[in-house]
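Peer 1: can't give you the sequence, but here's the structure:
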């Protein structure tokens, strides 16, 4: 064979080129062969090819060479064979060899292109070492889902031997119930080729060799290789973490239940006010601690008057709930004394000021149904909405002062006349406050929802449900407590009369006469003696200790007779023990003994002392009441 036609081509080749005959004798080499193996050209030519093969492979190599000569097919580089070369100094190094047969007039020649892959093998070794050192199971698959590589943690986690996994479809590690969808998910990931981190909010499961399932988290990463896209999956067993999370969730729910039970116990369930249609909704927050400082209260103040109170302690958690409990108890007790709204706010302000870092918004309304009048005091609370009988919604025109706890700032009260049949809407910020919208716009949205709901139904229960549906479309995602209270102003009673009297001793007799005539007109003669006795005691106290104006007022409801004595003195009566020879000091004791309920109220003019007596168990007769609330002198 002539070497010249091949020499230029061989010398230009990037790999070492070795050409041997069919007996394995080296006939031609290039400069890259000299550099790679460390032999000068003259030491190679005419020598057997086995001189470049490590000693441990020399006994098998002639058989492989003769087998190739018989087949004479091209074998490309990287044919998944672990091949090694031998340098002149005796050092071995990994190689890839591409073999091609050459038919010449002198017979068969075999061309071998030899490439040193030491660096690549070292990189692969480092890569495999990293895989083996990884704390998670690593499974590498190709774009068809065939497993190409796994580490020791994969064998431990799935209980398969490595050779049982290599070449298998990755679905072997996936529970059977997911097999139908998994290939589509796998193909979708190969198309997108983006990193998916651990804990991506997916409920994933692995399948062990024994058929046992276990929860896993999987991180996916695409690997671009010359042979195509590989996908590396890092798999972590999260059985213990899921168990701990389940235990924590159970403990959290227990603590949440305790907190909510405590909060509901502190907030209480206000009793319905007689004669007043109300509806309320309270929902604790669905996020975080789940309890807060919202509360509301309905308080029967006596004499037909009703108190409506709503408040919100800033903050969340048991501390806010505990503060709420203190304020609710204090406000309820203070309201029962007949304290006017501005004074109640001042007293609550003093309580809050003693609590560190607390702010509270609160609104207290006192309704006098006889006059359809509201006395309102708001300490930084959201505006009260009122829907009049025509269906129009407006904000109650009330002066709003600073929240409780800010400091010694007076709280002003406002007196407003509201038509009977109007609906009041009181609420806390959890109903209208969102992170992405203006609270004023949300209050306007509440007004629209309220107007529509009342136009659709007269039932306040259904109205409350409709409003909540409109304002809170996701009932499982409250970020704060939600409180809504609806109350309808009752119609003025048709059985109410009053008499203006001078603060003179003669007024006691004239008051008794007025009382007897009225009870006779109302067919309540059986109550005359008791009512006159108690009214005389109250009138006598007013004549002795108070000043004008003096007024005796009678109201009859379905179940009770209410009698009030109003005077111009702000000093409330106090009980005392009368001596054996004293004629005074027994009035309040008689009230305790004979009245079903009694109490006192401070008013703009002075004070009111009232008591109630149960009506006889006889049906009311039609046409026996006096219409309206009239003020006339006694006859």
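Peer 2: Thanks, I have the structure now. The structure presented is a predicted model; accordingly, all values stated were derived computationally and were not measured.
Peer 1: any weak-confidence spans in the stretch 151-300 of the chain?
Peer 2: 198-201, 255-268, 286-291 (pLDDT under 70).
Peer 1: Packing partners of the helix or strand harbouring residue 352?
Peer 2: When elements are assigned from DSSP states H and E, residue 352 belongs to helix 341-353. Applying 3 or more C-beta pairs under 8 Å, 6 or more residues apart in numbering; DSSP states H and E, we find helix 341-353 packed against helix 318-336, strand 360-368, strand 373-379. The way it works is simple: take the backbone N, C-alpha and C, and place the C-beta from them, glycine included.
Peer 1: What about residue 513, how many residues nearby?
Peer 2: Close neighbours of residue 513, defined as other C-beta atoms under 10 Å, add up to 13.
Peer 1: Helix or strand: which one has it?
Peer 2: Using DSSP H and E, residue 513 falls in helix 506-521.
Peer 1: Would you state the helices of the stretch 1-150 of the chain in chain order?
Peer 2: For the stretch 1-150 of the chain, applying DSSP state H, counting those that start in this stretch gives helices covering 4-12, 31-37, 41-44, 61-71, 118-133.
Peer 1: An error on my part: the question was meant for the stretch 351-500 of the chain.
Peer 2: Using DSSP H, counting those that start in this stretch, helices in the stretch 351-500 of the chain cover 439-456, 460-471.
Peer 1: deepest of the ones you listed, which one?
Peer 2: helix 460-471 (a mean of 18; mean count of other C-beta atoms under 10 Å).
Peer 1: which strands and helices sit next to that one?
Peer 2: Going by 3+ C-beta pairs under 8 Å, 6+ apart, helix 460-471 lies up against strand 278-283, strand 423-427, helix 439-456, strand 482-488.
Peer 1: Repeat the analysis, applying 6 Å as the threshold.
Peer 2: strand 278-283, helix 439-456, strand 482-488 (3 or more C-beta pairs under 6 Å, 6 or more residues apart in numbering; DSSP states H and E).
Peer 1: ok, residues contacting it?
Peer 2: Under the criterion C-beta atoms under 6 Å, 6 or more residues apart in numbering, residues 277, 279, 281, 431, 449-450, 453-454, 484, 486 lie in contact with helix 460-471.
Peer 1: Out of those residues, which two sit at the greatest distance?
Peer 2: 277 and 431 (20.3 Å; C-beta to C-beta).
Peer 1: Between the two, which has more neighbouring residues?
Peer 2: residue 431 (24 against 17).
Peer 1: which ones are touching residue 515?
Peer 2: 531-532, 535.
Peer 1: can you check residue 614 too?
Peer 2: By C-beta under 6 Å, 6+ apart, the neighbours of residue 614 are 560, 596.
Peer 1: for the helix or strand encompassing residue 540, packing partners?
Peer 2: Per DSSP H and E, residue 540 falls inside helix 528-545. Packing partners of helix 528-545 (3+ C-beta pairs under 6 Å, 6+ apart): helix 506-521, strand 560-567, helix 587-594.
Peer 1: Just name the most buried of these.
Peer 2: Comparing those by mean count of other C-beta under 10 Å gives strand 560-567 as most buried, with a mean of 23.
Peer 1: same question for that one, mean pLDDT?
Peer 2: Across strand 560-567, pLDDT averages out at 90.
Peer 1: now stretch 376-388
Peer 2: Mean predicted lDDT for stretch 376-388 stands at 95.
Peer 1: And that stretch, end to end?
Peer 2: Using C-alpha to C-alpha, to the nearest Å, the end-to-end distance of stretch 376-388 comes to 17 Å.
Peer 1: quick one, what contacts residue 541?
Peer 2: residue 587.
Peer 1: okay if I get the helices of the stretch 1-150 of the chain as CSV plus distance to residue 467?
Peer 2: What follows is those, written out as CSV (distance: least, C-beta to C-beta, whole Å):
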stretch, distance to residue 467
helix 4-12, 86
helix 31-37, 85
helix 41-44, 96
helix 61-71, 86
helix 118-133, 60
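Peer 1: Next, the buried residues of stretch 384-403.
Peer 2: 384-387, 393, 396, 398, 400-401, 403 (16 or more other C-beta atoms under 10 Å).
Peer 1: So what's the gap between that stretch and the chain middle?
Peer 2: Mean C-alpha position of stretch 384-403 versus that of the full chain (C-alpha atoms, centre = their mean, to the nearest Å) differs by 30 Å.
Peer 1: again with stretch 513-533
Peer 2: 60 Å.
Peer 1: Next, the distance between the ends of it.
Peer 2: 12 Å.
Peer 1: Let's test this: mean pLDDT of it, rounded?
Peer 2: 92.
Peer 1: for residue 539, what are its contacts?
Peer 2: Applying C-beta under 6 Å, 6+ apart, the residues contacting residue 539 are 508, 511, 565.
Peer 1: Quick check: of those, which lies closest to residue 496?
Peer 2: For the contacts of residue 539, with residue 496 as the reference and C-beta to C-beta as the criterion, the closest is residue 565, at 14.8 Å.
Peer 1: ok, the residue lying closest to that closest one once chain neighbours are set aside to residue 512 distance?
Peer 2: The shortest distance from residue 565 to any non-neighbouring residue, by C-beta to C-beta, 6 or more residues apart in numbering, is to residue 538 (4.0 Å). Look at residue 538 and residue 512: by C-beta to C-beta, to the nearest Å, they are 11 Å apart.
Peer 1: do the same with residue 293
Peer 2: Distance from residue 293 to residue 512, by C-beta to C-beta: 50 Å.
Peer 1: what about residue 311, helix or strand, and which?
Peer 2: Counting by DSSP H and E, residue 311 is part of strand 305-316.
Peer 1: Now do that strand against strand 560-567: the angle between them, please.
Peer 2: 90 degrees (axes from the mean of the first three to the mean of the last three C-alpha atoms, to 10 degrees).
Peer 1: What pairs with strand 305-316, parallel or antiparallel?
Peer 2: strand 292-302 (antiparallel), strand 360-368 (antiparallel) (DSSP bridges).
Peer 1: tilt between the first one and helix 318-336?
Peer 2: Just to be clear, that refers to strand 292-302. 10 degrees.
Peer 1: Equivalent analysis for the shortest one, please.
Peer 2: Relative orientation of strand 360-368 versus helix 318-336 (the same axes, to 10 degrees): 20 degrees.
Peer 1: I'd like the mean pLDDT over strand 360-368, please.
Peer 2: Strand 360-368 comes out at a mean pLDDT of 94.
Peer 1: which other residues reach that strand?
Peer 2: Counting by C-beta under 6 Å, 6+ apart, residues outside strand 360-368 touching it are 305-313, 341, 344, 352, 374-381, 403-405.
Peer 1: Same check on the first one?
Peer 2: The set of residues external to strand 292-302 that reach it, using C-beta under 6 Å, 6+ apart, is 267, 270, 273, 307, 309-313, 316, 320, 323-324, 328, 332, 335, 428, 481, 483, 485, 599, 610.
Peer 1: Quick one: distance of it to the chain centre.
Peer 2: For strand 292-302, the distance to the chain centre is 26 Å (C-alpha atoms, centre = their mean).
Peer 1: Equivalent analysis for stretch 372-388, please.
Peer 2: With C-alpha atoms, centre = their mean, you get 30 Å for stretch 372-388.
Peer 1: first to last residue in that stretch, what's the distance?
Peer 2: Using C-alpha to C-alpha, the two ends of stretch 372-388 sit 12 Å apart.
Peer 1: contacting residues for residue 45?
Peer 2: residue 26.
Peer 1: Can you tell me how far it is from residue 20?
Peer 2: For residue 45, the distance to residue 20 - C-beta to C-beta - is 11 Å.
Peer 1: go on, residue 487?
Peer 2: With C-beta to C-beta as the criterion, residue 487 and residue 20 are 106 Å apart.
Peer 1: Sweet, I'm off.
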